[in-house]
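This is a predicted model, with the sequence first.
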Amino acid sequence: MKTFILPFIFLGTIFFSSCTKETNEVVIPNQTIIGNVSTDMWLLNTGNNSYQATLNIPELDGQTVELDAVQVYISFGSNIWEPLPQVFNGVSYLYSYSPGKLYLDTQNATGTAPVRITAPLDVKIVIIKSDY
């Protein structure tokens, strides 16, 4: 009789036991900066055969450059953000940064000729703090 009841007790324990799920959400702080690149900001950079626009971004301090992640997106005024690096309509868009500065470079997709941008661009810079 004991062997007959034992499986039911075991199954009842499994089905009616209470499980709790613990979640630990980690929120990574970030900072978003929106800017604009006008057509007169593009200068020919013969060193890497591209046009380059330089934006002053004081939020890119030495610690941010050394430890944090920086992501850059561009929009052609359509509220559609394209992540960089990107090739769009045969034009390659790249970015680099140093303390206080963000550099945007453009050239044709083959890298053989610089391409000057003739329309303003919106730029979104996202700084993601590192938990270093």
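Received it, and whenever you're ready, just let me know what you need. Numbers count the residues shown, from 1 in each chain.

what number of residues lie near residue 93?
Using other CB atoms under 10 Å, residue 93 has 21 neighbouring residues. In short, each C-beta sits where N, CA and C put it, glycine included.

can you check residue 52 too?
19.

May I ask you to confirm that it is in contact with residue 37?
No - with contact defined as CB atoms under 8 Å, residue 52 and residue 37 do not form a contacting pair (10.6 Å).

helix/strand/coil for residue 66?
Per DSSP: H, G, I helix; E, B strand; the rest coil, the local secondary structure of residue 66 is helix.

tell me the strands in this protein, going along the chain?
Applying DSSP state E to the chain gives strands spanning 30-37, 43-45, 50-56, 69-75, 82-83, 86-88, 91-98, 101-108, 121-128.

Residues in contact with the third one: which ones?
The contact list for strand 50-56 (CB atoms under 8 Å, 6 or more residues apart in numbering) reads 35, 37, 41-45, 94, 100-107, 114-117, 123.

Now the buried members of the residues you listed.
37, 41-42, 45, 94, 100, 102-107, 114-115, 117, 123 (16 or more other CB atoms under 10 Å).

Now for these: which two are most distant?
100 and 115 (26.1 Å; CB to CB).
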